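Asker: Okay, here's the prediction I keep looking at, along with the sequence it came from:
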Amino acid sequence: MAATTTIRLPPELQARLGVLARQTGRSAHSLIIEAVERHADHEEQMQNLVKEALAADADIEKTGEVYKAEEVHAWMQRLAAEDAPARPKPCRR
């Protein structure tokens, strides 16, 4: 069973939701649920991105391997044009 949460909306936002609900044939409740789900998804993705970036940074500190930006950009262009282009070679910083 779903939990109940009460939120207080500013009158302007409540009015906007009412207009959108009428225009879309949906309930304000469904619009709010969708917005909360999208925001939760976004926040989870951001947390995962930060976790991956910190892990990559730790890996760089451990191995000292990095890639030259111009080689990565060239590889990305080849990747868009080819099936499996050779990856750039890492270098030491």
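Answerer: It's in. Residues are numbered from 1 along each chain as shown.
Asker: what pLDDT, on average, does the secondary structure element (helix or strand) that Leu79 belongs to get?
Answerer: According to DSSP states H and E, Leu79 maps onto helix 69-81. Mean per-residue pLDDT for helix 69-81: 92.
Asker: elements contacting it?
Answerer: For helix 69-81, there is no helix or strand it packs on, judged by 3 or more Cβ pairs under 8 Å, 6 or more residues apart in numbering; DSSP states H and E. Glycine gets a C-beta too; all of them are placed from N, C-alpha and C.
Asker: Just to be sure, His42 is in a helix?
Answerer: Yes - under DSSP: H, G, I helix; E, B strand; the rest coil, His42 falls within a helix.
Asker: what about it, distance to Thr5?
Answerer: Distance, His42 to Thr5, by Cβ to Cβ, to the nearest Å: 19 Å.
Asker: Looking at those two, which has the bigger crowd around it?
Answerer: Remark: of His42 and Thr5, His42 carries more neighbours, 10 against 7, as counted by other Cβ atoms under 10 Å.
Asker: From Thr24, how far off is the more buried one?
Answerer: From His42 to Thr24 the distance is 21 Å (Cβ to Cβ).
Asker: Next: Arg93.
Answerer: Distance from Arg93 to Thr24, by Cβ to Cβ: 53 Å.
Asker: center of the protein, which residue is that?
Answerer: For the chain, Gln45 is the residue whose C-alpha lies nearest the centre (Cα atoms, centre = their mean; 4.4 Å).
Asker: Quickly find the element holding that one.
Answerer: Going by DSSP H and E, Gln45 is in helix 28-63.
Asker: Off-centre distance for that helix?
Answerer: Taking Cα atoms, centre = their mean, to the nearest Å, the mean C-alpha location of helix 28-63 is offset from the chain mean by 6 Å.
Asker: which helices and strands sit right next to it?
Answerer: Counting contacts by 3+ Cβ pairs under 8 Å, 6+ apart, helix 28-63 packs against helix 11-24.
Asker: Can you check what angle separates the helix it packs on from helix 28-63?
Answerer: Between helix 11-24 and helix 28-63, the angle comes out at 110 degrees (axes from the mean of the first three to the mean of the last three Cα atoms, to 10 degrees).
Asker: Pull up the pairing partners for the lowest-mean-pLDDT helix or strand in the chain, direction included.
Answerer: Confidence across the helices and strands of the chain bottoms out at strand 91-92, with a mean of 83, counting by mean pLDDT, DSSP states H and E. Counting by DSSP bridges, the strands paired with strand 91-92 are strand 65-66 (antiparallel).
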